[in-house]
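Asker: sequence and predicted model, in that order:
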Amino acid sequence: MDVELSNIAPDTGGDISLNQDLWAELSPTTICKPLIELTLKGTPLLKFGSGDPRILLCAGIHGNELPPQVAIVKLISLLNGKDLNGTVYIIPIAIPYATMKNSRRFKGLDMNRNTFKDGSISNTILKTAQKHKIQAVADFHSTQPQSNPGIESVFSSKKPCNESFKIAQHITGQTSSKVISQEKAGNLYQGALEDEFNINGIPAVTCEVVSRNGKIDSGSVERSFMQMKSFLDYFNICK
């Protein structure tokens with residue numbers, strides 16, 4: 001792979017091949033051996049390209065939300081070997097242990113409510129982004145039907161980073177997603193990855209597609225993949 005691989009959290013590792021629904025989609029022909037080895041050891045970080053803009057895509061902060069974790073591996077295959085306008089960082093499976101267990105939680109906690117907590121994997125992701133001078137972030141999820149939000153959507157905020165809202169508008173303009181925007185980051189949820197990025201001055205959005213928890217419903221991977229490509233398109237990453 002024409003990509004730099006690293007591990008940002010050694011305590012999150014797990015054997016993702018034990019998640020049968022996920023592994024049925026991620027056969028050895030679609031995910032490279034170095035990436036599998038990294039997930040056994042912790043949270044993988046992949047880097048493609050160089051220069052500005054510097055953006056980050058993340059999936060799997062909830063281990064039982066499978067479609068974006070499959071879609072982001074498809075994105076890795078798309079980017080591999082391509083000449084890019086800028087730098088793309090990818091965290092494809094944020095908590096391999098939680099993904100292995102098909103669990104929303106890690107160490108008993110929802111990691112998308114603990115980004116402000118020092119030592120949490122979500123806080124490590126925030127600090128990693130700051131270290132690499134990331135300029136925008138998209139965090140990818142799936143939502144259970146008839147839950148909250150329960151619809152294909154893009155969460156954003158207008159303050160303090162108005163570009164968060166602009167990114168959401170761009171993605172929803174190219175997909176069937178709906179903008180869900182709050183006036184100020186942190187008003188709706190405390191400790192969400194997206195909100196803490198915005199609060200720290202890094203424009204961020206959360207992208208949701210509809211699929212049952214722990215399952216990969218028809219079309220959900222494709223919808224998530226479209227959201228990811230639209231995020232890249234906002235920054236004109238692909239030449």
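Answerer: Noted; the coordinates are in hand.
Asker: tell me the contacts of T115?
Answerer: By Cβ atoms under 8 Å, 6 or more residues apart in numbering, the residues touching T115 are 122-123, 125-126, 191-193, 195-196. The way it works is simple: take the backbone N, C-alpha and C, and place the C-beta from them, glycine included.
Asker: give me the residue at the spatial middle of this protein.
Answerer: With distances taken as Cα atoms, centre = their mean, the chain has C58 as the residue nearest its mean C-alpha position (2.1 Å).
Asker: going by distance to F106, which of the contacts of T115 wins?
Answerer: When those are compared for distance to F106, the smallest value, 9.5 Å, is given by S122; criterion: Cβ to Cβ.
Asker: state the distance from P203 to S224.
Answerer: 20 Å (Cβ to Cβ, to the nearest Å).
Asker: now S50
Answerer: According to Cβ to Cβ, S50 and S224 sit 26 Å apart.
Asker: between these two, which has more neighbouring residues?
Answerer: Shown here are S50 and S224; by other Cβ atoms under 10 Å, S224 has more neighbours (30 against 10).
Asker: hmm, the more buried one is touching V210, no?
Answerer: No: taking contacts as Cβ atoms under 8 Å, S224 lies outside contact range of V210: 10.0 Å.
Asker: overlap in contacts of the two?
Answerer: Residues touching both S224 and V210 comprise S142, with contact defined as Cβ under 8 Å, 6+ apart.
Asker: so S122 is in which element?
Answerer: S122 is part of helix 121-131 when elements are defined by DSSP states H and E.
Asker: with only the CA atoms kept, save that helix in CSV.
Answerer: Written as CSV, here are the backbone C-alpha positions of helix 121-131 (Å, rounded to 0.1, in the frame of the first residue of the first chain):
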residue,chain,number,x,y,z
ILE,A,121,-9.6,6.8,22.8
SER,A,122,-11.8,9.7,21.5
ASN,A,123,-9.6,12.2,23.4
THR,A,124,-6.5,10.5,21.8
ILE,A,125,-8.1,10.9,18.4
LEU,A,126,-8.6,14.7,19.1
LYS,A,127,-5.0,15.1,20.3
THR,A,128,-3.7,13.1,17.3
ALA,A,129,-5.6,15.4,15.0
GLN,A,130,-4.1,18.5,16.7
LYS,A,131,-0.6,17.0,16.5
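Asker: right, I'll call it a day here.
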